[in-house]
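> based on what follows, work out the 3D shape:
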Amino acid sequence: MLHLQLDKTKFSITAVSDDDAESADKAYWRSLTPQERLEALEWLRQSMYGYDPTTIRLQRVFEIAEFPPR
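As a prediction, the model looks like this:
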């Protein structure tokens, strides 16, 4: 199970234009490894939709089929 936590020391507030901010965002994400990007994506998914370990399993459905005797 992956447990992610927000590191508030990684934030910085600056006054820049929208173009500069977008360039900085792209540069940041490109600087991360693919594994780090996936972990960030999973953290965002869990933040948005919540995380409940009891619901991560697939639901099992059983059906009994009766066939006529041959």
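> looking only at pLDDT, what's the mean for the longest helix along the chain?
In the chain, with assignment by DSSP state H, the single longest helix is helix 34-49. Averaging pLDDT along helix 34-49 gives 89.
> chain center to it: distance?
The chain centroid and the centroid of helix 34-49 are separated by 3 Å under Cα atoms, centre = their mean, to the nearest Å.
> next: stretch 61-70.
Centre-to-centre, stretch 61-70 and its host chain are 41 Å apart (Cα atoms, centre = their mean).
> same deal with stretch 9-23?
With Cα atoms, centre = their mean, you get 23 Å for stretch 9-23.
> same question, stretch 15-33
20 Å.
> now it - C-alpha only, PDB.
Taking C-alpha atoms only, stretch 15-33 is exported to PDB below (Å, rounded to 0.1, in the frame of the first residue of the first chain):
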ATOM      1  CA  ALA A  15       5.100  36.900  -8.200                       C
ATOM      2  CA  VAL A  16       5.600  35.800 -11.900                       C
ATOM      3  CA  SER A  17       3.600  36.000 -15.100                       C
ATOM      4  CA  ASP A  18       1.400  33.200 -16.200                       C
ATOM      5  CA  ASP A  19       3.800  32.200 -19.000                       C
ATOM      6  CA  ASP A  20       6.700  32.100 -16.500                       C
ATOM      7  CA  ALA A  21       4.700  30.000 -14.100                       C
ATOM      8  CA  GLU A  22       3.700  27.600 -16.800                       C
ATOM      9  CA  SER A  23       7.300  27.200 -17.900                       C
ATOM     10  CA  ALA A  24       8.400  26.600 -14.300                       C
ATOM     11  CA  ASP A  25       5.700  24.000 -13.800                       C
ATOM     12  CA  LYS A  26       6.800  22.100 -17.000                       C
ATOM     13  CA  ALA A  27      10.400  22.300 -15.900                       C
ATOM     14  CA  TYR A  28       9.600  20.900 -12.500                       C
ATOM     15  CA  TRP A  29       7.600  18.000 -13.800                       C
ATOM     16  CA  ARG A  30      10.300  17.200 -16.400                       C
ATOM     17  CA  SER A  31      12.900  17.200 -13.600                       C
ATOM     18  CA  LEU A  32      11.100  14.300 -11.800                       C
ATOM     19  CA  THR A  33      11.700  10.600 -12.500                       C
END
